[in-house]
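[1] Sequence below, structure please.
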Amino acid sequence: MPGTDRALMAHFLRRAGFGATFQELDRYCQMGYEAAVEEVLHPENQPAIEEDVLERYYIDWKESRNIEGALTETIYRMNAHAGPRPLQEKIALFWHGVFATGLAKVLHEKTLLNQIDMFRENGLGNFRELLLLLAKDPAMIFWLDNNFNHKDAPNENWGRELLELFSMGVGMDGRENYTEEDVKEAARAFTGWTIDDDNVSSFPFGKLPWRFRYLPEDHDDGTKTFMGETGNFNGEDIIDIVVKQPATARFISRHLYNFFVADEPQVPAWQHTAPGNPELVKMLEDEYFRSNYNIRSMLLVLFNSAYFKSEDARFAKVKSPAEVVVGTLHLLGDFKFPKRGIFETALGCRYMGQDLLNPPSVEGWHTGEEWIDSGSLVERVNFVADQVGNINQPGVRAMVDALLDRTAELDPESIIDGCLELMGHVRLHEKNRAHLADQVRGLLGQRSGLVSGSPEERKSAEVTVLHTMKMIGSSREYQFA
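    Below is the predicted model of the structure:
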């Protein structure tokens, strides 16, 4: 494919996954953009990691009996699937942010990881079915107190957040999308939806996963009026009404746009601010209804849209800490098999401001530029520089060899172009590129370029390429996807 199409493919794989190695780009470019989109949208057709590897070698990870095991398994799965099933992990991360549920309150790692698995398996499917699974998810029930939502003493937490943060949003175009009475009636409809096994001791064999349980004797079966409709509604009826609202189509479409296309204002501002690209959001809304609420179909429209493929959409998003960590590990080919050190590496997300499995509130994480402050930027730069500067990483070795084997001599501009391409078609601003060129010329000293004929020359050339890659990984532009 032409270079511009290769850059487009790199853009697509940054958004639909965690970036791609140059070998993966070769494969996807051979099949073409539309075929690549189809493949990525169907992760179930690609090989998954071998579960018995975790069961045999890392039982504490597999059972997720503590936060170390839970976080380790989360990052391991993201990284291991970043090549064959990138969108499966990316959509799970997306819903983990939208349907934010945290260990700070749940305190049950296995149950929360079961929720993440539910996102992996159902996150690209029907939104109505996903909301129903969420309403029955033990971690969510505990997180939003629906286990305390009783017929004679309703608790509104789940009913409120279902409407405010999980489906319709507070308002649209300056209008309120629901009333306080709608919240109360929704809460009544979900009475009796609770959990089982939450009081079972965790000793001596670890924690048992909680289970959904419906208690008909605790359900309010009276008549309810919700969103202008009246009936003997239960929780499923409420979800049926919610998913057919235009506000739900807009809210979910805007979430997809914010996560996969370009950074938007934070969610509380959406009631009073229009989307950055109203035309694309409207296309997603239309597809939401046309496809009967199918997320995969909406993403197909999104990834094939003219705006998504345009230059304006590229590098228009600040990478989340998970994207920085997993994207870098994937580029380097590290931790493709369980080994020591992955938990310490996974903590990089926390240090950068994204404590996976433990979002700061039910609103999730604030994204975009709010990912970056002076402290988190230092953590980002140090993490990438440390990883990229290690020639023993298989991905680093492959990139260095691929560049040095291209031609007998590489001038400074060719070194920079090659490193930018191999690291995912990173695009530097003109001023930063000029500064990088000065640094590369300084590394070359009196030499006009890199040659790698003798072992000594090869070693020297490798050092120069490594320093160049570290500087690119430390750049402002590398923080964008």
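
[2] CA atoms for contacts and neighbours, from now on please.
    Noted.

[3] what about the strands in the stretch 51-200 of the chain?
    Secondary structure of the stretch 51-200 of the chain (DSSP state E, counting those that start in this stretch): strands at 171-172, 175-176, 193-196.

[4] For Leu357, which non-adjacent residue is closest in space?
    Gly102 (5.4 Å; Cα to Cα, 6 or more residues apart in numbering).

[5] Could you count how many residues lie near that neighbour?
    By other Cα atoms under 10 Å, 24 other residues sit near Gly102.

[6] same deal with Leu134?
    Neighbours of Leu134 under the rule other Cα under 10 Å: 19.

[7] Wait, it touches Met140, no?
    Yes: look at Leu134 against Met140 with Cα atoms under 8 Å: they come within range, at 6.8 Å.

[8] deepest of the strands of the stretch 51-200 of the chain, which one?
    strand 193-196 (a mean of 21; mean count of other Cα atoms under 10 Å).

[9] quick one: the helices in the stretch 201-350 of the chain?
    Applying DSSP state H, counting those that start in this stretch to the stretch 201-350 of the chain gives helices spanning 235-243, 246-260, 278-290, 295-304, 306-309, 321-332, 342-352.

[10] Which strands or helices does the last one pack on?
    The elements that helix 342-352 packs onto, with contact taken as 3 or more Cα pairs under 8 Å, 6 or more residues apart in numbering; DSSP states H and E, are helix 67-81, helix 321-332, helix 374-388.

[11] And the helices of the stretch 201-350 of the chain: which comes nearest Leu428?
    Closest of those to Leu428 is helix 321-332, at 17.3 Å (criterion: Cα to Cα).

[12] Mind listing the residues bridging to the closest residue to Glu181 other than its chain neighbours?
    Leaving aside its sequence neighbours, Glu181 sits nearest to Phe226 (Cα to Cα, 6+ apart; 7.8 Å). Applying DSSP bridges to Phe226 gives these bridge partners: Glu229.

[13] mind listing what Phe226 touches?
    181-182, 185-186, 238 (Cα atoms under 8 Å, 6 or more residues apart in numbering).

[14] Buried subset of those as a PyMOL selection?
    Selecting only the buried entries of the contacts of Phe226 in PyMOL, with 16 or more other Cα atoms under 10 Å as the criterion:
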select buried, resi 182+185+186+238
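
[15] Next up, the contacts around Asn277.
    By Cα under 8 Å, 6+ apart, Asn277 has no neighbours at all.

[16] which stretches of the stretch 151-300 of the chain have low pLDDT?
    198-207 (pLDDT under 70).

[17] Swap in 50 and give it another go.
    Across the stretch 151-300 of the chain, nothing is flagged by pLDDT under 50.

[18] what's the neighbour count on Pro278?
    Applying other Cα under 10 Å, we find 12 residues neighbouring Pro278.

[19] Ignore what I typed, I meant Gly327.
    24.

[20] Begin at 883 from now on, thanks
    Sure, I'll start numbering at 883, so the last one becomes Gly1209.

[21] Hmm, it is touching Arg897, no?
    No: if you go by Cα under 8 Å, Gly1209 and Arg897 don't touch, sitting 10.9 Å apart.

[22] With adjacent residues omitted, what lies nearest to Ala918?
    Ala918's closest residue in space is Tyr910 (Cα to Cα, 6+ apart), at 5.8 Å.

[23] and the one you found, that's in a strand?
    No: assessed with DSSP: H, G, I helix; E, B strand; the rest coil, Tyr910 is helix; it does not lie in a strand.

[24] Look up how far Ala917 lies from it.
    8 Å (Cα to Cα, to the nearest Å).

[25] More neighbours: these two, which one.
    For Tyr910 versus Ala917, neighbours defined as other Cα under 10 Å are more numerous around Tyr910 (23 against 13).

[26] Make sure the more buried one is actually in contact with Leu890.
    No: counting by Cα under 8 Å, Tyr910 stays clear of Leu890, with 11.0 Å between them.

[27] so who does the residue nearest to Pro1203 when sequence neighbours are not counted touch?
    Excluding the flanking residues, the one nearest Pro1203 by Cα to Cα, 6+ apart is Cys1231, at 5.0 Å. Cys1231 is in contact with 1203-1204, 1207, 1237-1238, counting by Cα under 8 Å, 6+ apart.

[28] picking that back up, which single one of the contacts of Phe1108 is nearest to Ala962?
    Out of those, the member with the shortest distance to Ala962 (by Cα to Cα) is Ile1120, at 37.9 Å.

[29] quick one, what contacts the closest one?
    Contacts of Ile1120 by Cα under 8 Å, 6+ apart are 1068, 1071, 1108.

[30] what's the closest of these to Ala1363?
    Using Cα to Cα, the contacts of Ile1120 come closest to Ala1363 at Ala1068, 38.7 Å.

[31] Nearest residue to the closest one in space, please, no chain neighbours.
    Gly1041 (5.2 Å).

[32] do Ile1023 as well
    Closest to Ile1023 by Cα to Cα, 6+ apart is Asn1029, at 6.1 Å.

[33] now do Gly1257
    Met1234 (7.7 Å).

[34] Same question for Arg1232.
    Leu1238 (7.0 Å).

[35] For that neighbour, give its distance to Arg1222.
    For Leu1238, the distance to Arg1222 - Cα to Cα - is 20 Å.

[36] between these two, which one's more packed in?
    Leu1238 (24 against 9).

[37] if I pick Pro1091, what's in contact with it?
    992-993, 1079.

[38] Pull the number of nearby residues for Asp1168.
    Neighbour tally, Asp1168, other Cα under 10 Å: 17.

[39] again, but for Asp1019
    Around Asp1019 there are 24 residues (other Cα under 10 Å).
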